[in-house]
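S.K.: Using only what follows, build the 3D model:
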Amino acid sequence: MHTRLEGALDLLATPIDADRIVSLLERFHGFHAALEPALKGLVPEALLAPRRKLPLLQNDLRCLGVSEAGLLALPVCRQAADLCDTRAGAAGALYVMEGSTLGGRIISRCLQAAPWHPPQHLQYWNPYGDQTGARWAESLAYLQSLPRADADAIARSAVATFSVLQAWLLPHSVFSGPAP
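M.R.: Residues are numbered from 1 along each chain as shown. Here you go, the predicted structure:
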């Protein structure tokens, strides 16, 4: 699923259009706007707090010219909240979202070469900088600390998270259609 979504997004192709990146960041915003509040209480706050991406998405969108009114009008992926109906469900969603930061560093480097890239770095795809590996290790340690009996439910949730994310990001074809 990961490879299919990555291929469909094709974020390493150059040149990449600024409008396409804005549309994609708006879609990620809608996903995180539902997911992050749903994780509260199911994932330890000490782990969750430094992993919130919604403020980074809002900042990136502002840097790319989206107004406050535009941010408030963005659609929200309600299905993302449904992924977090249990601790295992939340863990599977967290696994997918944190795993995406590993490839995000590469995407971030590609985007910095674009002529439209703002002087301040976009943060969503590289939220941790040099701490990416350490944050991933912390996420894995948390997942490994969960009861072994939850492993199948965590895996199912990870697959479901990819499915919901793909449907949200690619509702018709790559960024051509309205929000579902």
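
S.K.: okay, now Gly30: neighbour count?
M.R.: By other CB atoms under 10 Å, 21 other residues sit near Gly30. For glycine as for every other residue, the C-beta is placed from the backbone atoms N, C-alpha and C.

S.K.: after the helix or strand where it lies, next one along is what?
M.R.: Using DSSP states H and E, Gly30 sits in helix 18-39. Counting by DSSP H and E, the element after helix 18-39 in chain order, helix or strand, is helix 45-48.

S.K.: for that following helix, packing partners?
M.R.: Secondary-structure packing of helix 45-48 (3 or more CB pairs under 8 Å, 6 or more residues apart in numbering; DSSP states H and E): helix 132-145.

S.K.: And the helix it packs on, what's buried?
M.R.: For helix 132-145, the neighbour count (16 or more other CB atoms under 10 Å) marks Thr132, Arg135, Glu138, Ser139, Tyr142, Leu143 as buried.

S.K.: Please name the residues that touch the first one.
M.R.: Each residue near Thr132 by CB atoms under 8 Å, 6 or more residues apart in numbering is listed here: Thr101, Leu102, Arg105, Asn126.

S.K.: In helices, which of those fall?
M.R.: Residues of the contacts of Thr132 located in helices (DSSP state H): Thr101, Leu102, Arg105.

S.K.: show me the residues around the first one that make contact.
M.R.: By CB under 8 Å, 6+ apart, Thr101 lies in contact with Trp125, Asn126, Pro127, Tyr128, Thr132, Arg135, Trp136.
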